[in-house]
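**Q** quick check, what structure comes out for this input:
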Amino acid sequence: MRFVFKPPAETASGLLSLPWHEPLASWRDERLVEIRHRGLSRHTVRFVAEAGAVYALKELDERLARREYKLLRKLRELGIPAVEVTGIAVDRPGGQDAVLVTRFLDHASSYRALFANPRGGHPADRLLDALVELLVRLHLAGFMWGDCSLSNTLFKLDAGAFSAYLVDTETAELHPSLSEGQRTYDLELARERIAGELFDLDAAGLLPPDLDPVAVADDTVRRYTALWDELTREEIIRPEEQRLRIAERLRRINELGFDVDEVELIDAGGEGSRLRVRTVVAEPGHHRRLLFARTGLNAQENQARRLLNDIASYRGHLERESGRPVSEALAASKWLTEVYDPVVRAIPDDLRGRLDEVEIFYEVLEHRGHLERTLGHDVSTTAAARDHFRHVLPHVPEELTIKPIPRTPPDGERAAGDRPEARARDGGSD
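**A** All right, here's what the predicted structure looks like:
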């Protein structure tokens, strides 16, 4: 038996002691945990808590496992949101299938959990926007999913919106580029699967009565087409408009979270020039990289944008108080120690796991704005946090994010929850 894993070695050191020689379904290890809202899988999937992290283990044909291992690593290199592959066990005794190991995705939610516990209205629009953006990113990278669905996607809250993460790549194919036929095929599969998943939710009483599964699935195609057109269409521009129109087009593409690799102007005769833009996948994240560089905080893109705005506002406050300019670096440092850290430290222990810390801080900022509009005067971030922790955060459903829970052990076997590493943070995986 061989276990291939990604560095660092500490990642796999504890996993090596698992009973890899046995069929995954028959494992009786104290590190096994169960997952709420984990969804269905056509393969045996089990979850293991090790050294403070949780890993998903999927047993499948070795050829498919090797292929999925390579594809998930490639997606990581391309900066496309997907679960992180950790390792793969192959050449197991008795001709057993391989086991693919992926890292549990912290504070992730399944679509079923989000529909079962809606906050601020049902999440269909936000989920579709996130899923469509993920599919467009894949297609720009030459990646045909072959099984695009809500079930094969996990969602993370991002300043009230969602970011979508690909979970399953068993049917995926990577090409230098995709033809229109390949994209259309992928999109039609997505439409059919989304409609079916929404009908299932409707049967379970989780859809509002005015939400039509077929109409929502059809709308997925419309949203995809609109985004793809914005990123890839050619347009005719007159010579006197070139500078302005090109700048506007590039700005719109960047605001959507994509980069431009090449701009080509082709003479269109008397009409002007044909603008052809080659859009490429960019790791979503100008703002998140900037926030990390200034504060060391890891955040999603929308979260980072909102926190950077708060830092800029705090910098203005510092300059007004001191009567002199304050550097961005100093303002970010003081904001971190005087604004952000006190709020995070004040989160009640019994509520800390409801959302990730950055999302909680974002909600505190939004709550501060709500209080100021209601009361008609400024409210400190500390006061807004106290009010949010008292009246808002307790009502975030505990079931919102997928959580690992100890399995019920056989007689005489210690429960996984008795081990410190079993009490992992919220997350999700395939």
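**Q** low-confidence stretches in the stretch 101-250 of the chain?
**A** Applying pLDDT under 70 to the stretch 101-250 of the chain flags the ranges 120-121, 240-243.
**Q** which stretches of it form helices?
**A** Secondary structure of the stretch 101-250 of the chain by DSSP state H, counting those that start in this stretch: the helices cover 111-116, 124-140, 180-203, 213-232, 242-255.
**Q** let me know how buried the closest residue to L150 other than its chain neighbours is, in neighbour terms.
**A** Nearest residue to L150 in three dimensions, chain neighbours excluded: Y111, at 4.0 Å (CB to CB, 6 or more residues apart in numbering). Quick note: C-beta positions are derived from backbone N, CA and C, even for glycine. Under the neighbour criterion other CB atoms under 10 Å, Y111 is assigned a count of 26.
**Q** for Y111, list the residues it contacts.
**A** By CB atoms under 8 Å, 6 or more residues apart in numbering, the contact set of Y111 is L127, L150, S151, T153, F155, E197.
**Q** what bridges to the fifth one?
**A** Under the criterion DSSP bridges, F155 forms beta bridges with S109, A164.
**Q** that one against R112, yeah?
**A** No: between F155 and R112 there is no contact under CB atoms under 8 Å: 10.8 Å.
**Q** tell me which of these two has more neighbours.
**A** Set side by side, F155 and R112 show more neighbours around F155, with 26 against 20, by other CB under 10 Å.
**Q** next up, the contacts around the more buried one.
**A** A108, S109, S110, Y111, L114, L127, A130, F162, S163, A164, Y165.
**Q** what is the burial count for V379?
**A** Neighbours around V379, by other CB under 10 Å: 17.
**Q** spatially nearest residue to it (excluding sequence neighbours)?
**A** L371 (4.6 Å).
**Q** coming back round to it: how about the contacts of Y111 in JSON lines, adding distance to V45?
**A** Formatted as JSON lines, those follow (distance: CB to CB, whole Å):
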{"residue": "L127", "distance to V45": "22"}
{"residue": "L150", "distance to V45": "17"}
{"residue": "S151", "distance to V45": "13"}
{"residue": "T153", "distance to V45": "16"}
{"residue": "F155", "distance to V45": "19"}
{"residue": "E197", "distance to V45": "18"}
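**Q** just the residues you listed now: which is nearest E366?
**A** The shortest gap between E366 and any of those belongs to F155, at 19.2 Å (CB to CB).
**Q** skipping adjacent residues, who's closest to P394 in space?
**A** Nearest non-adjacent residue to P394, counting by CB to CB, 6+ apart: L351, 6.3 Å away.
**Q** list the contacts of the one you found.
**A** Applying CB under 8 Å, 6+ apart to L351 gives the contacts F389, L393, P394, V396.
**Q** next, give me the two most distant ones among these.
**A** F389 and V396, at 10.9 Å, using CB to CB across these.
**Q** the residue nearest to V379 and H377 touch, don't they?
**A** No: using CB under 8 Å, L371 is not in contact with H377; the gap is 9.3 Å.
**Q** out of those two, which sits in the busier spot?
**A** L371 (18 against 7).
**Q** element containing that one?
**A** In the assignment (DSSP states H and E), L371 maps to helix 357-375.
**Q** helices or strands up against that helix?
**A** helix 301-322, helix 341-345, helix 381-391 (3 or more CB pairs under 8 Å, 6 or more residues apart in numbering; DSSP states H and E).
**Q** F292 - how many residues pack around it?
**A** Neighbours of F292 (other CB under 10 Å): 14.
**Q** wait, I meant E301
**A** E301 has 20 nearby residues by other CB under 10 Å.
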